[in-house]
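Student: Pasting a predicted model and its sequence here:
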Amino acid sequence: MSSSQPARIWTLLLLGGLILGGARPVPAQESDTAIFQRYRSLDAPIDQAARAVGAGRFEEARKLLQPCLQKEPEHFDAHFLLARMAYEARDFEGVLAHLEVAERSLALLNRRYRDLIDYLKARIEVEEQTARSNLEAVTMRVSDPTSCVAPYLAALEREVEAVQARKGPLHDHENPYGVPASHRFLRGNALYRLGRRDEARAQFRQAVATDPAHAHAWNNLLALHLEGKDSASARADLQRAEAVGTAIRPELRQAILAAP
């Protein structure tokens with residue numbers, strides 16, 4: 001997976017204990033699961049394409065992405081990579097177009113993810129209630145805990161614990177398919193190249209809000225402040241950037257401190 005993209009949560013969603021164990025999900029949940037299965041099946045070629053883009057082998061990357069896009073036309077990773085290549089080709093409108101598709105795909109995945117998590121939480125609650133009811137029913141009827149039903153009681157207790165353990169992973173990722181800082185940064189660069197500086201500044205600010213350690217976004221944001229002769233914002237954001245340990249270009253830092 002390219003480091004710029006969200007964690008691939010579909011691995012979690014496809015684990016047997018979550019989706020495939022127990023009763024079969026209703027058709028709507030099966031339909032929702034299919035999109036994660038399709039994305040998961042494309043991990044390898046997407047990773048290969050990302051390495052090719054990083055090495056500047058754009059033709060190779062495009063060939064790798066073509067079958068991916070045939071299977072999943074709005075694959076967010078694929079369109080982000082296409083946006084990166086469009087930027088290198090100075091097709092800045094193309095960058096924005098590919099990012100729009102990628103972010104539409106991310107929004108769809110977030111909705112599907114939330115629907116699946118809500119379904120799984122509800123199902124696990126039912127399973128937990130059933131396991132607890134079974135345990136309580138047997139416990140009430142057994143006066144001697146050392147009797148022959150003791151192993152059955154222990155098994156019921158383990159079942160309750162197992163159901164509770166399955167609840168944990170469902171709370172780990174509240175917004176796994178939010179727009180990554182890398183998207184904001186690339187969009188900001190394209191907007192700047194198109195002369196849309198205020199929009200670019202907003203994107204860089206969103207990038208550092210998403211990833212406070214994004215040094216390139218911080219540096220670009222500070223440079224835009226200087227370009228706009230907003231020394232007060234430049235100094236304030238310089239302080240914020242350095243507070244989180246961001247490496248600011250020395251000449252940029254010096255220019256900000258020397259600005260009137």
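Tutor: Received the coordinates, thanks.
Student: Output the below-cut-off pLDDT ranges for the chain.
Tutor: Counting by pLDDT under 70, the low-confidence segments of the chain come to 1-33, 124, 128, 131, 134-135, 138-175.
Student: ok, how many other residues are close to Ala243?
Tutor: 9 (other CB atoms under 10 Å). The way it works is simple: take the backbone N, C-alpha and C, and place the C-beta from them, glycine included.
Student: Ok, the one 4 residues further on next?
Tutor: Counted with other CB under 10 Å, residues neighbouring Ala247 total 13.
Student: Please name the residues that touch the residue lying closest to it once chain neighbours are set aside.
Tutor: The shortest distance from Ala247 to any residue other than its chain neighbours is 5.3 Å, reached at Ala215 (CB to CB, 6 or more residues apart in numbering). Contacts here follow CB atoms under 8 Å, 6 or more residues apart in numbering; on that basis Ala215 touches Thr246, Ala247, Ile248.
Student: So what's the residue count around the last one?
Tutor: If I follow you right, that is Ile248. Around Ile248 there are 17 other residues, counting by other CB under 10 Å.
Student: thinking it is in contact with Ala241, fair?
Tutor: Yes. Assessed by CB atoms under 8 Å, Ile248 is found in contact with Ala241 at 5.9 Å.
Student: which neighbours do these two share?
Tutor: Going by CB under 8 Å, 6+ apart, residues that sit against Ile248 and also against Ala241 are Trp218, Leu222.
Student: how far away is Ala52 from Ala61?
Tutor: Between Ala52 and Ala61 the distance is 4 Å, computed by CB to CB, to the nearest Å.
Student: neighbour-wise, which of the two wins?
Tutor: Set side by side, Ala52 and Ala61 show unequal neighbour counts under other CB under 10 Å, the larger going to Ala61 at 23 against 20.
Student: on that earlier part again, distance of the residue nearest to Ala247 relative to Glu88?
Tutor: Going from Ala215 to Glu88 by CB to CB gives 20 Å.
Student: tally of neighbours for Pro73?
Tutor: Neighbouring residues of Pro73 were enumerated by other CB under 10 Å; the total is 11.
Student: before we move on, what about the one 4 residues further on?
Tutor: Neighbour count for Asp77, taken as other CB under 10 Å: 26.
Student: Just the element for it, please.
Tutor: Under the criterion DSSP states H and E, the helix or strand holding Asp77 is helix 76-88.
Student: on contacts alone, who are the packing partners of that helix?
Tutor: helix 43-54, helix 58-71, helix 92-141, helix 181-193 (3 or more CB pairs under 8 Å, 6 or more residues apart in numbering; DSSP states H and E).
Student: need the contact list for Gly195.
Tutor: Taking CB under 8 Å, 6+ apart, we find Gly195 in contact with no residue.
Student: Could you pull out the buried residues of stretch 253-260?
Tutor: Applying a neighbour-count criterion of 16 or more other CB atoms under 10 Å, the buried positions in stretch 253-260 are Arg253, Ile256.
Student: for that stretch, the distance to its chain's centre please.
Tutor: From the chain centre to the centre of stretch 253-260 is a distance of 36 Å (CA atoms, centre = their mean, to the nearest Å).
Student: Tell me how many other residues crowd the closest residue to Ala255 other than its chain neighbours.
Tutor: Closest residue in space to Ala255, ignoring its immediate chain neighbours: Leu226 at 6.0 Å, by CB to CB, 6+ apart. A count of nearby residues for Leu226, using other CB under 10 Å, gives 15.
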